[in-house]
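>>> output the structure for:
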Amino acid sequence: MTRRRRRNTPKQGRTELAGEAQKTDGSPSPNAPKPQYQHFIPRFILRRFQVGPVKSKAERDRESRRTGVNPEYVHYYDIAAGSLDIRPIGKVYGVENFYQDVRNTDNINELEDKLADLEGHAAKIIADLHKALPQGTFTLNRRSLELLRKFLFIMHYRNVSCSGIYFQADHPENVGAHQWIESFMKAKGIQSAAEIWLHFLRYYLDASHSDIMRDAAELVEKYGEEGLQKMLFESDIPPDLEHFPAYTYHVHANSYFFSIWEAAEGEEFIVTHNAFGLWEGLGGGCRGLHRIFVVSPRIAIVLRHVQSRPEIIKPGAFVSCLLDVNPAPPTPIYSRGEHGTYINHVNFQSAMEVARYRSSQEGEDDSFVFKITKLSQRQTLQLNFVVLINVTTKECALTFLSRESMLHTARAFQSLPASLTASELFVPLITQLTNTVEKEVSALRPPLQSPAVVLDQDVDALTLVDVVLYVLLMQICTGSRQFETAYDRAHLVFRIMEKAKPTSFADEISLEVEKAFKVCKGSEDEISFPESISFAPLLSSISNESSSQLFQFMIPCMSRLGAVMSGGEGILEELQDEVAVVSFLARASSNPGAWHALSCISPQAPEILSRLFKEGTLTDVSATIFTRNMYRNQASPSSFSSGFHLAYALRELCGMAGPTTNPISRNYYQMTASMIQCLGRVTLRSLPEPYASQPRERPKARLVFKIPEEHSDLLFSTMKMILQKSLPGYEPSPGGDTLDQTLRKWVEEMAIVGCLAWLGKHRRNFLDWVLDGFPQESDKNFKLFEDEETTEST
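Here you go, the predicted structure:
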């Protein structure tokens, strides 16, 4: 690859807020350099969280000379020790010699110096942003925006947790890059993952935003976006792509739009060791709907995926706790008017043309107006919860500005059932903050006011979550309460959840249950039953084998029905999925149409679902009495006009009247599911015209319940012939004199009626083709669906 001369970022005047990385004089020394504490969270950001007033550099230097003590401190909660204290900014969120490059013998701290320059420019922009908060908008020219984007990317890249694994060849997430990493290290004489990480930190620092984007554009032009994505996730990266990391930067810059979020009045953002570049949200083929960067107690810069722009996003396309925040994308002001004569000639389908325009003088003069998004109290807490839920180990730390706000946030976080495990890490923090805040309030409290009155003004965990449910979930997560089966556990949680106050745990489950239920209910005709009829309740306990089979079957089933299941490995995620299943089954079992659709969804469903009820349900009793009476009275004149009419009535009684455990219903569901699965695939094959061009779906189609015997015989014989050719192992039942033989034929014809109902709704063009094949003399006045007119020919 031809190399070009790099254009480094111009060195602007330093701001007092800069200087978080320590400058060195750059002169080589024969002596080994002194250990240097190097921050991965810049000092200028930590100063926004400083205890006491922020002082200028001159004031800090004077006080340090006078007292010998560093005058800058922040609250620091050490999670491993469970201790809260005040520590010097110069000694937190850093590592000794973190950026030292021992391969650079001229200046081992060169990267620290370059970071200091970048942070100085970013500090000035972020200071200007804080000044713009009262106006509600903030304007940046293109180069300032690019510099801020570059700063945010490097803030995430430089995180201490990334340095050792970002280019670790044997890391599970680097499978596709394994060969490329080893080849690159060999070519450059690099010995470790940390060294290659430093190598590309230098690349990102030395190259301007425009240079990196042009390197990425060369890759895009050569391999295409799809090809590069495939390299990342499915195949190997070619060893000769020296600047492949430029594409990572390109994705970060091009796939997300920049937004500014301001905390609600009385609320504050918090910062942790990894609160820069945290991803949140799923959907639309992307992992990371949001990238969060907390830059002060007042401001979080959030990169939001372009697929969530208002003109693109589709309801239900994403899963995120921040979707109710609606940041507007920036408004561009082009240097040559709204669209400009120059920009009209740019081919925006070409990554290289776009990169060239943005790096040109014309592009440099463009500017962007950002509307600052003011969050509500709940939205501010939700963003803080994202930060807290990512504190997953005891090697983490937490910093905040005011103790009252942190206590309020920690209590609210602890109240969330979904954060039970994570919130345990903050119990010592809540205890220490409560003691401190209560002492401060006691000094100001009127004599007759009790501590409880004051503390009730804050958010208390027990006011936000039902006590019984909260205690049960805590017992399950800690293992202090055990159950015979996962089903037994989920059923108890579900029953308590039904009676509990609204909680986020229950709300998330209800949302996904409703999605799956609507699909099931909508796939069947409405079936009316008297309000006095109550359907069989779910058993509170089933065997361990039945429990395992139920969840193995139902969790993927609900996903196919549109519910978003967590699929997590943690105890709470697993429990949430299982409770969602039980909740859905309870809802579906009280709606005969939805239960019929669920029971026919797979040949395995009837056997698994029938174990959830006590034998002898209301439907079981009715089905047994009716079928025995019909068998005994076969010789008597029948009230049914045809075999189809009888099969239709039996299907409604045995299959569409709610939960059952009897073998007739179970055999009907299994056979119907097998027929639908088979013919659903077969009927997707090409049909002759005009049927191939006709729509398959007719969701409102409804079978007639009565047709003449002649049409019934022809319909059943045709369907049995089709099934004999298509469904492996199927042989039509001839019927007979015994009850067992008669029932087998009845169940088979009930299943054919069920299959016809499905075909009429979902494969109507195929069914029309079948019906049009009937002999013309038999076709006269044939009507199978209520939405058809009787015609001479279909």
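>>> and the pLDDT at Ala132?
In this model, Ala132 is scored at 96, pLDDT.
>>> begin at 46 from now on, thanks
I'll keep to 46 as the first residue from here, and by that count the last item is Ala177.
>>> correct me if wrong: it contacts Phe183.
Yes - here Ala177 reaches Phe183: they are 4.3 Å apart, a contact under Cβ atoms under 8 Å. Any C-beta I mention is one placed from the backbone N, CA and C, and that applies to glycine too.
>>> any common contacting residues for the two?
Here Ala177 and Phe183 have Ile417 as joint contacts, going by Cβ atoms under 8 Å, 6 or more residues apart in numbering.
>>> when those two are compared, which one has more neighbours?
For Ala177 versus Phe183, the count of surrounding residues by other Cβ atoms under 10 Å is larger for Phe183: 20 against 15.
>>> can I get the one helix or strand the more buried one maps to in CSV, CA atoms only?
When secondary structure is defined by DSSP states H and E, Phe183 falls within strand 182-186. Listed in CSV are the C-alpha atoms of strand 182-186, where the atom choice follows Å, rounded to 0.1, in the frame of the first residue of the first chain:
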residue,chain,number,x,y,z
THR,A,182,-28.0,23.7,21.3
PHE,A,183,-24.3,23.3,20.5
THR,A,184,-22.5,24.0,17.2
LEU,A,185,-19.3,22.3,16.0
ASN,A,186,-17.4,22.7,12.8
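>>> what's the separation between the spatially most central residue of the chain and Leu334?
Of all residues in the chain, the one closest to the mean position by Cα atoms, centre = their mean is Leu327, 3.1 Å from it. Taking Cβ to Cβ, to the nearest Å as the criterion, Leu327 is separated from Leu334 by 7 Å.
>>> residues that sit against both of the two, list them.
Contact criterion Cβ under 8 Å, 6+ apart; residues bridging Leu327 and Leu334 by contacting each: 363, 365.
>>> now Lys129: which helix or strand?
For the record, residue 129 is Leu, not Lys. Taking DSSP H and E as the definition, Leu129 sits inside strand 128-133.
>>> show me the contact partners of that strand.
96, 115, 117-123, 473-474, 477-478.
>>> in ChimeraX, select just the buried ones from these.
Only the buried entries of the contacts of strand 128-133 go into this ChimeraX selection, using 16 or more other Cβ atoms under 10 Å:
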select :117,118,119,120,121,122,123,473,474,477,478
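>>> the contacts of strand 128-133: which two are farthest apart?
Every pair in the contacts of strand 128-133 was compared (Cβ to Cβ); the two farthest apart turn out to be Asn115 and Pro473, at 26.1 Å.
>>> quick check: bridge partners of the nearest residue to Asn435 once chain neighbours are set aside?
Ranked by Cβ to Cβ, 6 or more residues apart in numbering and with sequence neighbours excluded, the top spatial neighbour of Asn435 is Leu323, at 5.5 Å. With DSSP bridges applied, Leu323 shows beta-bridge pairing to Ile337.
>>> what's near enough to touch Leu323?
Leu323 sits next to 336-337, 431-432, 435 when contact means Cβ under 8 Å, 6+ apart.
>>> change it to 7 Å
337, 431-432, 435 (Cβ atoms under 7 Å, 6 or more residues apart in numbering).
>>> could I get the residues you listed as JSON lines with neighbour count, pLDDT and secondary structure?
JSON lines is the format used below for those (neighbours: other Cβ atoms under 10 Å; pLDDT from 0 to 100; DSSP: H, G, I helix; E, B strand; the rest coil):
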{"residue": "Ile337", "neighbour count": "23", "pLDDT": "94", "secondary structure": "strand"}
{"residue": "Val431", "neighbour count": "19", "pLDDT": "89", "secondary structure": "helix"}
{"residue": "Val432", "neighbour count": "22", "pLDDT": "91", "secondary structure": "helix"}
{"residue": "Asn435", "neighbour count": "17", "pLDDT": "83", "secondary structure": "coil"}
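>>> what's the closest non-adjacent residue to the residue nearest to the centre of the chain?
When the adjacent residues along the chain are set aside, Leu327 lies closest to Val364, with 4.8 Å between them (Cβ to Cβ, 6+ apart).
>>> which two among the contacts of Leu323 are spaced furthest apart?
Of all pairs drawn from those, the widest gap by Cβ to Cβ lies between Ile337 and Asn435 and measures 9.3 Å.
>>> my guess is Leu190 contacts Ser412. True?
No - taking contact to mean Cβ atoms under 7 Å, the distance of 8.4 Å between Leu190 and Ser412 leaves them out of contact.
>>> quick one: least confident helix or strand in this protein?
Of all regular secondary-structure elements in the chain, judged by mean pLDDT, DSSP states H and E, the least confident is helix 496-500 with a mean of 33.
>>> chain center to stretch 622-640: distance?
Relative to its chain's centre, stretch 622-640 lies at 23 Å (Cα atoms, centre = their mean, to the nearest Å).
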